[in-house]
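> No letters, just coordinates:
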Ligand code: GRF
């Protein structure tokens, strides 16, 4: 089977990107990362890509509205004939044109059990601060296809972690990050094997 051409969009440290790189290097995924794009010039994830000789570019968001920014993204993605886009800590909202162009071909990783602690204002450590504040007994991570609703697309995989009484937002983040690094490569593997079928709001794993 032909290798799936993958692009990863990042904004930060890129530990999820690294987990995907490592899984591909272990030949677990029938895919190849052709491109890493960041909206932040100092994103450490760009260095991780460089380290692996993966094409990586900073697309500067200054002086570009969201529509024109996404037009630049689409131009770069089409240049590499990308089949699957991964949002790995990508902190910019995608506009409807790119979501339409890549329907059910954009995957996101979110550090909670969606629909809890998800949506526009929930990202990074804030997700875990709200979970700790609420006093939840379990949390976890979710991979999902991206649609126009932030964190709202069809769910692919969810995995939980127990939240202990003395957990802090930071200690919970560490626990959940471990799960993220497991279920994101797993989700990509299934996509690359053609095993994900989206039926309405639900994803069937064949
Ligand atoms: C992860 O917690 C991810 O769930 C969230 O942003 C964080 C990115 O971390 N979307 P990294 O850049 O992959 O280390």
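That came through fine. Everything numeric in this text was worked out from a predicted model, so none of it was measured.
> list the contacts for the residue of the chain found nearest the ligand?
Evaluated by CB to the nearest ligand atom, the chain has residue 89 as its residue closest to the ligand, separated by 2.5 Å. For the C-beta atoms, the positions are set from N, CA and C on the backbone; glycine is no exception. Neighbour list for residue 89: 10, 11, 12, 13, 14, 15, 16, 17, 45, 109 [criterion: CB atoms under 8 Å, 6 or more residues apart in numbering].
> if we go to 7 Å?
Residue 89 sits next to 10, 11, 12, 14, 16 when contact means CB atoms under 7 Å, 6 or more residues apart in numbering.
> Can you tell me the closest non-neighbouring residue to the fourth one?
I take that to be residue 14. Spatial nearest neighbour of residue 14, chain neighbours left out: residue 45 (2.3 Å); criterion: CB to CB, 6 or more residues apart in numbering.
> Per-residue pLDDT of that neighbour, please?
On pLDDT, residue 45 comes in at 98.
> Report all helices and strands that the lengthiest helix in the chain contacts.
Assignment by DSSP state H gives helix 169-192 as the longest helix of the chain. Counting contacts by 3 or more CB pairs under 7 Å, 6 or more residues apart in numbering; DSSP states H and E, helix 169-192 packs against helix 15-25, strand 106-110, helix 125-134, strand 138-145, strand 155-162.
> I'd like these as CSV, with mean pLDDT and mean neighbour count appended.
Formatted as CSV, these follow (pLDDT from 0 to 100; neighbours: other CB atoms under 10 Å):
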stretch, mean pLDDT, mean neighbour count
helix 15-25, 98, 20
strand 106-110, 98, 24
helix 125-134, 98, 17
strand 138-145, 98, 23
strand 155-162, 98, 17
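> So for residue 198, which of those sits nearest?
strand 138-145 (6.3 Å; CB to CB).
> angle of that closest one against strand 106-110?
Angle of strand 138-145 versus strand 106-110, following axes from the mean of the first three to the mean of the last three CA atoms, to 10 degrees, is 170 degrees.
> partner strands of strand 138-145, parallel or antiparallel?
Next to strand 138-145 in the sheet, as set by DSSP bridges, lie strand 106-110 (antiparallel), strand 155-162 (antiparallel).
> Outside of that strand itself, list whatever touches it.
With contacts defined as CB under 7 Å, 6+ apart, strand 138-145 is touched by 104, 106-114, 131, 153-163, 172, 176, 179-180, 183-184, 187, 198.
> Around the ligand, pick out the residues from this protein.
10, 12-16, 45, 88-89, 109-111, 124, 177, 180 (CB under 6 Å from any ligand atom).
> Fine by me, thanks again.
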